[in-house]
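Trainee: pasting the structure only:
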């Protein structure tokens, strides 16, 4: 969850005022909070979370490769 919220806060930082960007302090505080909480976690939790993210990224990449290969053969 912390990774998701960190990405969301980093994305909010890149918005323009026309896109409804909040005051820059808000996404900065959110991203800082995510980082502080991540460093406060036990090492075993961090390792498990990184492993889960890695498995998810590998599954996503494999699915994209299979989809691209099946699109090329048509």
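Mentor: The structure has been received and is ready for your questions. Here the structure is a predicted model, which means the values were calculated and not measured.

Trainee: Now do the SS call for the closest residue to residue 12 other than its chain neighbours.
Mentor: Closest residue to residue 12 apart from its sequence neighbours, by Cβ to Cβ, 6 or more residues apart in numbering: residue 27 at 4.0 Å. To be clear about C-beta, it is placed using only N, CA and C from the backbone, and glycine gets the same treatment. Per DSSP: H, G, I helix; E, B strand; the rest coil, the local secondary structure of residue 27 is helix.

Trainee: Just give me the neighbour total for residue 27.
Mentor: 19 (other Cβ atoms under 10 Å).

Trainee: And it, how far from residue 11?
Mentor: Counting by Cβ to Cβ, to the nearest Å, the separation of residue 27 from residue 11 is 8 Å.

Trainee: for the residue nearest to residue 12, what are its contacts?
Mentor: Contacts for residue 27 (Cβ atoms under 8 Å, 6 or more residues apart in numbering) come out as 9, 10, 12, 13.

Trainee: If we use 7 Å, what do you get?
Mentor: Contact partners of residue 27, counting by Cβ atoms under 7 Å, 6 or more residues apart in numbering, are 9, 12, 13.

Trainee: same deal with residue 24?
Mentor: residue 13.

Trainee: what are the phi and psi angles of it?
Mentor: The phi and psi torsions at residue 24 (degrees, to the nearest 10) take the values phi -60, psi -20.
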